[in-house]
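>>> can you look at this prediction? I've put the sequence above it.
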Amino acid sequence: MEGGKPSLPLVYQAVQALYHDPDPSGKERASVWLGELQRSMYAWEISDQLLQLKQDVESCYFAAQTMKMKIQTSFFELPPETHNALRDSLLTHIQSLKDLSPIIVTQLALAIADLALQMATWKGCVHTLIEKYNNDISSMPFLIEILTVLPEEVHSRSLRIGANRRTEIIEDLAYYSSTVVTLLTSCVEKSGNDEKLLIKVFRCLGSWFNLGVLDSNFMASNHLLMVLFQVLQRDETSTNLHEAASDCVCSALYAIENVDTNMALALQLFQGVLTLETAYHMAVAREDLDKVLNYCRIFTELCETFLETTVRSPGQGMGDLRTLELLLICAGHPQYEVVEISFNFWYRLGEHLYKINDLALHSIFRPYIQRLLHCLARHCQLDPDHEGIPEDTDDFGEFRMRVSDLVKDVIFLVGSMECFTQLYSTLKQGNPPWEVTEAVLFIMASIAKSVDPENNPTLTEVLEQVVLLPENVHMAVRYTSIELVGEMSEVVDRNPRFLGLREKPLASAAAKAIHNICSVCRDHMAQHFQGLLEIARSLDSFALSTEAAVGLLKGTALVLARLPLEKIAECLSDLCTVQVMALKKLLVEGSANGKSADPTVWLDRLAVIFRHTNPIVENGQTHPCQKVIQEIWPVLSETLNTHQADNRIVERCCRCLRFAVRCVGKGSASLLQPLVTQMVNVYQVHPHSCFLYLGSILVDEYGMEEGCRQGLLDMLQALCMPTFQLLEQPNGLRNHPDTVDDLFRLATRFVQRSPVTLLGSSIVVHIIQCAIAATSLDHRDANCSVMKFVRDFVHSGVANDHEDDFEVRKQLISQAMEQHGQQLVTQLVHSCCFCLPPYTLPDVAEVLWEVMFFDRPTFCRWLENALKGLPKETAGGAVTVTHKQLTDFHKQVTRCDAFFLFCMLRNVNRCAGPFESSLGFFDSCVDNIRLFFPFADVE
């Protein structure tokens, strides 16, 4: 922090400004200044002094929060000899501030817990704390708070303690867990009706259940379990206490998911939850939705825990089907939020039964699924006074979408056709209210695609009735019926009907239905292409959403591709004309008034047309779309130039050009030179990453053409210079992940299509150095592209050894690895341990695998050097990794090679399978080494 240590009055003044300054800019300045203070070394001392002064809640909260943050993120700043003093100071502060504010106590409890987890010299912290405060009733609330957050912080992503230290901590907490439970039991017995303390006790017990260290036999006979269910059974229990007790029971149920090894506790919880049915009905009668939701959470967790037991032995012992009855009772509640809680269980039940595929077992659970579907159909009903079409984006609309997904997952248990027929029969019988009709149609639409359309008169009858709905039917019914027609596209293929687009609220649904029909019935719809073309020409006369208009054009393009080749060019030109004329009009208007209108609507429409017009063209035939795209190019080029400073519009232009190039493939060769020239010129001024992506498409299409390789390499070099300037800025890689992603997509395409061209160039050294620096970038897409480039780069030195350029490739890769190999391996190991989240590890494993396969002896040496450079202890004195663990890891990694070679020899033509198996083992090795180090905690 510039200017040295700030005075306490100045810090206090900044805290007051943060909370009380009426000027927002004053608050912002105070926030920035205090943030800098928190990151400085002075924060330790100043926070301690503010907590000693106890001037007010705000300053103490800031100090407590700062202390917690410093311990979490900057504990390494303190020398080991200060750790005991910090611990004693924090314990003094929490005792002196225990009555000031609960949020301050929580922050200090977190600070103490995080200190205990990192301070390896503080042995038996739980025992120390209980010994110190057990006999002081006034200290009990903050003691329980510390004991609550301590197990929660063990797996915190804010702490970086490593697998060895975590294992040591969990073993220590497990050893003292019975002491903690005994303390909580004693508190309950002494507190009487102290609700606040009881809430703290339940929260604490739940925290220890979540960590999974409580002895299940000890807990099965513990008094606390009985107290939990007594609280949940009492009608007068307050909302807050009821929620705390519910959370604790759910944690307990989750902790015993392996029922067979926790039989005693499982039986107690199973019997206890079954006693709550009466309490649930009482909560429903009192319209206490909070309690109803809590009970449903408990019932759902019970079913989740005993799912395998229920499927294995339905109706017997703890496979008692009363658990499903409890969920169906909840499904009968009028509020849809209640039944929604149980969706994951029903999905998992369906998944288990589908895998087992036992018809006798399915018949046991079929009645329960039938009742569930009946409840879901009722919950999907719109309000009788609802006007217009159903909303998809509000909470109820999202609920209906989740219902649709669930119905698709479990319908196999009832039978799609049987359920579809039953639903339709409810509409034919009597005259149900419109909201019932609409809900039934909605459920029918969910399962329509799973019904066999072959020789099915019911489907044909449904289609006829839906299409011929009377004009006076409710708008929502018509809307959902159109969606149903779209889902019945295979039936429509046999019974085509006209869908109207003129009714504004229904237009988008009708367009979506046409899109679905065209996607499934491409060949049949070819005879109706002129009708589709007329609709496409008149898109803007309909009240279509952007998504619906694009979807309709997609369907039209899919059908267009099925026309005879000689007709495609003319029809494609007609389909594109409206879009092209609109772009020309915008360009003329822009040059006249100096203001450029947004062309993205028309660019997106052209893009979807090019993307889905994919006719089958034989070798030697001229692509029918080639002439049309050449005619459109000048308009796209001018649009790109006009809007070159606008990243969003440039991205749409590049996307459109990308699909145009993909559409005609090498037929776009005449566009290559002017397109590359324009890309490079614009990129020098406005480095939009989409140009790099478009460049990768061009390399993919033309990289194997001898006459194009040098031009493409020139393009790469011209694009790389401004790219490296951008990425070399402070935090350049982190601030521009899209550029990193697209740069290495481009480089990877070169490795795949023309490796020698890239490997023999001067730019390759800079690309490799950039890749090594970017391996630590924790952006999913960018990191994936970097790893794929490095993997393919190294692999090119061993791949396709029958080709003429193999020896040249191998020599060039050897030179590159000799120069950069050690740095690459060291950076990858370091990134695994300290920088990268878990989902990147398979990609890292593949890179290391390729390096090892290319030159195993040298890789072994590089890996050994990289492992030697890893830190062996944390700032708190805990051992991060032992020499034996590093040696074992090295052996695990390097022995993968023999298995892989064995699989390669045995499966010359099927190496993908064994490669995945061996690589999976290799990936687990990489995952193991990172567990010892801090970033193993990051998701």
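Looks like it arrived, so ask away. Numbers count the residues shown, from 1 in each chain.
>>> can you give me the end-to-end span of stretch 136-145?
Taking CA to CA, to the nearest Å, stretch 136-145 runs 15 Å from one end to the other.
>>> which parts of that stretch are buried?
For stretch 136-145, the neighbour count (16 or more other CB atoms under 10 Å) marks S139, M140, P141, F142, L143, I144, E145 as buried. Every residue, glycine included, has its C-beta placed from N, CA and C.
>>> same question for stretch 251-258.
S251, A252, L253, A255, I256, E257.
>>> check which helix or strand covers the second one.
Using DSSP states H and E, A252 sits in helix 239-255.
>>> could I get the CA-only coordinates of that helix as CSV?
What follows is helix 239-255 as a C-alpha-only set of coordinates in CSV (Å, rounded to 0.1, in the frame of the first residue of the first chain):
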residue,chain,number,x,y,z
THR,A,239,-40.1,-21.4,11.5
ASN,A,240,-36.4,-20.9,12.1
LEU,A,241,-36.1,-23.8,14.5
HIS,A,242,-38.1,-26.0,12.2
GLU,A,243,-35.7,-25.2,9.3
ALA,A,244,-32.6,-25.8,11.4
ALA,A,245,-34.0,-29.2,12.5
SER,A,246,-35.0,-30.1,9.0
ASP,A,247,-31.5,-29.2,7.6
CYS,A,248,-30.0,-31.4,10.3
VAL,A,249,-32.2,-34.4,9.5
CYS,A,250,-31.4,-34.0,5.8
SER,A,251,-27.7,-33.9,6.5
ALA,A,252,-28.0,-37.0,8.6
LEU,A,253,-29.8,-38.8,5.8
TYR,A,254,-27.2,-37.8,3.3
ALA,A,255,-24.4,-38.9,5.6
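>>> check the offset of the helix or strand hosting A845 from the chain's centre.
Assessed by DSSP H and E, A845 sits inside helix 841-854. Taking CA atoms, centre = their mean, to the nearest Å, one finds the center of helix 841-854 at 25 Å from the center of the full chain.
>>> elements contacting it?
Using 3 or more CB pairs under 8 Å, 6 or more residues apart in numbering; DSSP states H and E, the elements in contact with helix 841-854 are helix 780-795, helix 806-834, helix 856-868, helix 883-894, helix 896-906, helix 912-931.
>>> and those helices, which one is worst for confidence?
Averaging pLDDT over each of the helices and strands packed on helix 841-854 singles out helix 896-906 as the lowest, with a mean of 39.
>>> ok so, going back, which one of the buried residues of stretch 251-258 is nearest to K788?
Closest approach to K788 among those (CB to CB): E257, at 37.2 Å.
>>> and the closest one, helix, strand or coil?
Classification of E257 using DSSP: H, G, I helix; E, B strand; the rest coil returns coil.
>>> what is the neighbour count of the closest residue to it other than its chain neighbours?
Distances taken as CB to CB, 6 or more residues apart in numbering place T305 nearest to E257, at 5.5 Å, with adjacent residues excluded. For T305, the neighbour count with other CB atoms under 10 Å is 27.
>>> tell me the spacing between T305 and L253.
Between T305 and L253 the computed distance is 5 Å (CB to CB, to the nearest Å).
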